[in-house]
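>>> Please work out how this folds:
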Amino acid sequence: MIFNNINQYLHSGSRNKIVFFKEKQSEIPCFDVGFHLAKALEKLNSIKHISFRTEEILENMLNKAITEVEPFDRILCLTNLGILFEKDLKLNFRLILEEYSKDIPLFVHWEGQIENNALYFLSKAKGIKIDINDLSHITL
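Predicted structure coming up:
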């Protein structure tokens, strides 16, 4: 049933294809962004230009994390996203959502709050707000 709803949304012709979900879906393998990006950044010899290097490393990782999942074909599923909000890395999370959801479905395991077309990293009261009003998405 849940896959039918997702499939219906993914075939709706929307500009972006983002699926936010709270509970991990065992049928959908997710890429642990925090774990893999932290390990890659550990290997850097210098923190000079870390934000530029981080973007490059992240882009390579996410492109390699695209996988085939039936019945969706190619998707990207992300989890453990906290590292993307580290100020020193200067990453634009909203832009990441937008870019990676244009060509393939982007599944995002979101542990924060979602309310009125806004994501809240951690909580609405104390978290970071990300406006997703103009990004096509569904929430499970």
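>>> Just the pLDDT at the residue lying closest to V69 once chain neighbours are set aside, thanks.
Residue nearest to V69 in three dimensions, not counting chain neighbours: I75, with 5.2 Å by CB to CB, 6 or more residues apart in numbering. All C-beta atoms are positioned from the backbone trio N, CA, C, and that covers glycine. pLDDT for I75: 96.
>>> Check which helices and strands the helix or strand harbouring I75 is in contact with.
Using DSSP states H and E, I75 sits in strand 73-79. On a contact count with 3 or more CB pairs under 8 Å, 6 or more residues apart in numbering; DSSP states H and E, strand 73-79 meets strand 31-32, helix 50-65, strand 67-69, strand 106-109.
>>> Among those, show me which one is buried the most.
Most buried of the helices and strands packed on strand 73-79 by mean neighbour count (mean count of other CB atoms under 10 Å) is strand 106-109; its value is a mean of 24.
>>> Give me the contacts around that strand.
For strand 106-109, the surrounding residues in contact (CB atoms under 8 Å, 6 or more residues apart in numbering) are 16-22, 24-25, 28, 30, 75-81, 97, 100.
>>> which among those end up buried?
Buried members of those, scored by 16 or more other CB atoms under 10 Å, are 16-21, 25, 28, 30, 75-81, 97, 100.
>>> hang on, N117 packs against S136?
No - if you go by CB atoms under 8 Å, N117 and S136 don't touch, sitting 10.8 Å apart.
>>> still on that earlier bit, for the helices and strands packed on strand 73-79, could you give me JSON lines that also reports distance to G127?
JSON lines is the format used below for these (distance: least, CB to CB, whole Å):
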{"stretch": "strand 31-32", "distance to G127": "20"}
{"stretch": "helix 50-65", "distance to G127": "21"}
{"stretch": "strand 67-69", "distance to G127": "29"}
{"stretch": "strand 106-109", "distance to G127": "15"}
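>>> For I57, see how far away K43 is.
Taking CB to CB, to the nearest Å as the measure, K43 falls 9 Å from I57.
>>> Tell me which helix or strand in this protein has the weakest average pLDDT.
Within the chain, confidence by mean pLDDT, DSSP states H and E is lowest for helix 2-10 among all helices and strands, at a mean of 79.
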